[in-house]
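Q: no FASTA, just this:
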């Protein structure tokens with residue numbers, strides 16, 4: 001049955017698929033709507049479908065719907081285990097010039113950070129959300145570099161800075177050379193030096 005093929009296809013994608021992906025794979029909007037109405041698949045947000053057993057997952061829904069969004073700052077630190085604070089609102093980073101009105105309209109509390117296109121993909125990885133879905137996020141080194149930059153502008157919470165940077169320096173897989181490159185790329189190489197002197 002076509003519906004079974006649709007469900008298996010979404011499962012293969014990790015349980016979440018954008019309408020455009022389903023269309024490219026040959027599934028008609030009518031079939032997708034029929035599967036949704038029957039409860040065979042579910043809808044995370046407009047244009048983003050998921051397996052029926054996937055719970056509402058804001059992290060995944062935003063990145064699946066708005067392809068230029070990468071989870072960053074407090075959201076990334078939480079997903080990476082460098083902060084135990086579940087974010088009240090999502091942090092995403094997008095390239096300059098990308099500003100879909102619907103993103104802010106449908107997620108009123110979201111914090112959108114803009115960077116140059118050459119920095120946008122720097123440190124991009126896939127992580128598993130607390131709901132078990134995979135989504136886009138910055139790695140530990142990029143996230144710490146972004147946090148140091150926010151702190152240098154007086155915009156980051158002091159407790160989050162202490163927890164995240166302290167947690168990073170306790171990580172077995174920390175990569176200080178990579179962290180240094182990330183800080184240089186985002187313009188906080190000197191600020192990193194201060195943290196290194198205190199923490200090492």
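A: Looks like it arrived, so ask away. Note that the structure is predicted; figures quoted are calculated from it, not measured.

Q: for stretch 165-174, buried residues please.
A: Within stretch 165-174, the residues that count as buried by 16 or more other Cβ atoms under 10 Å are 165, 167, 168, 169. Where you see a C-beta, it was placed from the backbone N, CA and C, and this is true even at glycine.

Q: looks to me like the first one is in a helix.
A: So the one you mean is residue 165. Yes - the assignment for residue 165 is a helix, going by DSSP: H, G, I helix; E, B strand; the rest coil.

Q: quick check: it touching residue 150?
A: No - taking contacts as Cβ atoms under 8 Å, residue 165 lies outside contact range of residue 150: 11.9 Å.

Q: same for the one helix or strand residue 135 maps to, what does it pack against?
A: Assigned by DSSP states H and E, residue 135 belongs to strand 134-138. Secondary-structure packing of strand 134-138 (3 or more Cβ pairs under 8 Å, 6 or more residues apart in numbering; DSSP states H and E): helix 58-65, strand 70-71, helix 73-79, strand 124-128.

Q: can I get those in CSV with mean neighbour count?
A: Supplementary listing: the helices and strands packed on strand 134-138 in CSV, determined by neighbours: other Cβ atoms under 10 Å:
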stretch, mean neighbour count
helix 58-65, 24
strand 70-71, 27
helix 73-79, 26
strand 124-128, 14
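
Q: just read off the phi/psi values of the nearest residue in space to residue 176 that is not next to it in sequence.
A: Spatial nearest neighbour of residue 176, excluding adjacent residues (Cβ to Cβ, 6 or more residues apart in numbering): residue 196 at 7.7 Å. The phi/psi pair for residue 196 (degrees, to the nearest 10) reads phi -60, psi -40.

Q: next one, pLDDT for residue 196 please.
A: As predicted, residue 196 sits at a pLDDT of 79.

Q: ok, the closest residue to residue 86 other than its chain neighbours - contacts?
A: Leaving aside its sequence neighbours, residue 86 sits nearest to residue 78 (Cβ to Cβ, 6+ apart; 6.2 Å). By Cβ atoms under 8 Å, 6 or more residues apart in numbering, the contact set of residue 78 is 84, 85, 86, 87.

Q: and if we set it to 7 Å?
A: If you count contacts by Cβ atoms under 7 Å, 6 or more residues apart in numbering, residue 78 has them with 85, 86, 87.

Q: on that earlier part again, can you spell out which helices and strands pack onto whichever helix or strand comes after the strand holding residue 135?
A: Using DSSP H and E, the next helix or strand after strand 134-138 towards the C-terminus is helix 140-152. Helices and strands touching helix 140-152, by 3 or more Cβ pairs under 7 Å, 6 or more residues apart in numbering; DSSP states H and E, are helix 73-79, helix 158-170, helix 176-186, helix 189-199.

Q: which strand residues bridge the closest residue to residue 49 other than its chain neighbours?
A: Distance criterion Cβ to Cβ, 6+ apart; nearest residue to residue 49, sequence neighbours excluded, is residue 41 at 5.1 Å. Taking DSSP bridges, one finds residue 51 as the beta-bridge partners of residue 41.

Q: give me the pLDDT for residue 41.
A: pLDDT at residue 41 comes out at 87.

Q: which ones are touching residue 163?
A: Residue 163 neighbours (Cβ under 7 Å, 6+ apart): residue 83.
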